[in-house]
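Trainee: sequence first, predicted coordinates after that:
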Amino acid sequence: MNLPVPALYTGVVRHERFTPKPHRFQYRVYEVLVDVDDLDGLAGRIPFFSHGRPNVTSLDDRDYMGKGDGSIRAKVNCWLDGRGVAPPERLFLLTHLRVFGYAFNPVNYYYAFDGDGHFDFAIAEINNTFGEGYAYLLERPPGDDSETIRARFPKMFHISPFIGMDTTYTFTVTPPDESLRAHVDEFAPGPGGGKFFEAFFAGRRSPLTSRSLAGALLRHPMMPMRVMAWIHLHALFLLLKRVPSFAKPAPPAGALYTEGAPRSPFARSIRHVGKARNTS
């Protein structure tokens, strides 16, 4: 395929759990795909977007791949070096922008390409509501030359108080083209463990311009705030359904963020409820 270009993807996020109590939601959202090596150039083309300083929309390197003042590219390259992976020729990021200074991204996806436009690998950077973050390197199995990347991992990082740690993920990530899809399935432990949860973002591409971004802001106002609100609303629904909760473990070795305070009083209360239920 050809190398991607900065784009705006509009589509849906859907989460569905099948056990122990069925629960499903779906919302229309937008995300942007940016070239991490040309963020200042993008800021020069869109007056109400800035890189590293306040604006209506903005992107701050400190929100990505760990603390520190380095650029996103530098932090990704350092993270890859620690795993014996060479830095890619081109690197693109799918994310929610900050809106009026606020951002929360449950997951950011990085798409790595070589100079010929081949989709080499991806990174899934996960953030929970407790101010912690972790990243998974998504690579194809040996011998797999398909465009889509499918990668399976044991779960390493706590996200939801309503799902324990003894599970397995399968990520399915398509390259960013006219459409893209990032899909995560979660499986119960054991050889016969079945899928009990899935989540995905599926979007269609439009050019990332002042006009398209302004339209997205009007159609989906305050998107990052709404994402956080949806998370807590559905946590309340799960509490009301009496779905079992789990205590939050310490962040794993190699976590990107480990010292962040919970991002809201509700997140803090959910954590304490989980601890109480698991120690009773």
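Mentor: Sure thing, it's come through. Numbers count the residues shown, from 1 in each chain.
Trainee: all helices for this protein, in order.
Mentor: Ranges of helices within the chain are 39-45, 72-81, 210-219, 223-240, 265-279, based on DSSP state H.
Trainee: ok, residues contacting the fourth one?
Mentor: Counting by CB atoms under 8 Å, 6 or more residues apart in numbering, the neighbours of helix 223-240 from elsewhere in the structure are 15, 21, 23, 25, 27, 29-30, 96-99, 102-106, 129, 160-162, 216-217, 220, 245, 263-264, 266-267, 270, 273. Glycine gets a C-beta too; all of them are placed from N, C-alpha and C.
Trainee: extract the C-alpha set from that helix and format it as CSV.
Mentor: Taking Å, rounded to 0.1, in the frame of the first residue of the first chain, the C-alpha atoms of helix 223-240 are listed here in CSV:
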residue,chain,number,x,y,z
MET,A,223,-14.9,14.4,22.6
PRO,A,224,-12.2,13.5,25.2
MET,A,225,-14.5,14.6,28.0
ARG,A,226,-17.3,12.5,26.6
VAL,A,227,-15.0,9.4,26.4
MET,A,228,-14.2,9.8,30.1
ALA,A,229,-17.9,10.3,30.9
TRP,A,230,-18.9,7.2,28.9
ILE,A,231,-16.4,5.1,30.8
HIS,A,232,-17.8,6.1,34.1
LEU,A,233,-21.4,5.8,33.0
HIS,A,234,-21.0,2.2,31.9
ALA,A,235,-19.0,1.4,35.0
LEU,A,236,-22.0,2.5,37.0
PHE,A,237,-24.2,0.3,34.8
LEU,A,238,-22.0,-2.7,35.5
LEU,A,239,-22.1,-1.9,39.3
LEU,A,240,-25.9,-1.9,39.1
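Trainee: in it, what's buried?
Mentor: 223-224, 226-228, 230-232, 234-235, 238 (16 or more other CB atoms under 10 Å).
Trainee: low pLDDT regions in the chain?
Mentor: Where the chain drops to pLDDT under 70, the residues are 1, 260-280.
Trainee: now the strands for it?
Mentor: 7-17, 23-35, 49-51, 57-59, 90-95, 98-99, 107-113, 119-127, 133-138, 149-154, 168-173, 179-187, 195-207 (DSSP state E).
Trainee: export those strands to TSV and append columns for distance to residue 75 and mean neighbour count.
Mentor: Listed next are the strands of the chain as TSV, based on distance: least, CB to CB, whole Å; neighbours: other CB atoms under 10 Å:
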stretch	distance to residue 75	mean neighbour count
strand 7-17	23	18
strand 23-35	15	17
strand 49-51	15	21
strand 57-59	14	23
strand 90-95	11	22
strand 98-99	17	20
strand 107-113	11	23
strand 119-127	10	22
strand 133-138	10	21
strand 149-154	21	16
strand 168-173	20	18
strand 179-187	21	18
strand 195-207	23	17
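Trainee: got those as TSV, with distance to residue 252 columns?
Mentor: Formatted as TSV, the strands of the chain follow (distance: least, CB to CB, whole Å):
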stretch	distance to residue 252
strand 7-17	23
strand 23-35	26
strand 49-51	30
strand 57-59	26
strand 90-95	23
strand 98-99	27
strand 107-113	16
strand 119-127	11
strand 133-138	6
strand 149-154	11
strand 168-173	14
strand 179-187	17
strand 195-207	20
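Trainee: among those, which is nearest residue 67?
Mentor: With CB to CB as the criterion, residue 67 lies closest to strand 133-138 of the strands of the chain, at 9.6 Å.
Trainee: got a list of contacts for that closest one?
Mentor: Residues contacting strand 133-138 (CB under 8 Å, 6+ apart): 65-66, 79-80, 83, 85, 121-127, 149, 151, 153, 156-157, 169, 171, 173, 251-252, 254-257.
Trainee: same thing with stretch 47-54?
Mentor: 39-40, 42-43, 55-61, 97, 101, 210, 213-214.
Trainee: let's see that with 7 Å instead.
Mentor: 39-40, 42-43, 55-61, 101, 210, 213 (CB atoms under 7 Å, 6 or more residues apart in numbering).
Trainee: and the strands of the chain: which comes nearest residue 72?
Mentor: strand 90-95 (6.8 Å).
Trainee: now do the same contact list for residue 107.
Mentor: Contacts for residue 107 (CB under 7 Å, 6+ apart) come out as 124-126.
Trainee: rerun that using 8 Å as the cut-off
Mentor: 124-127, 182, 184.
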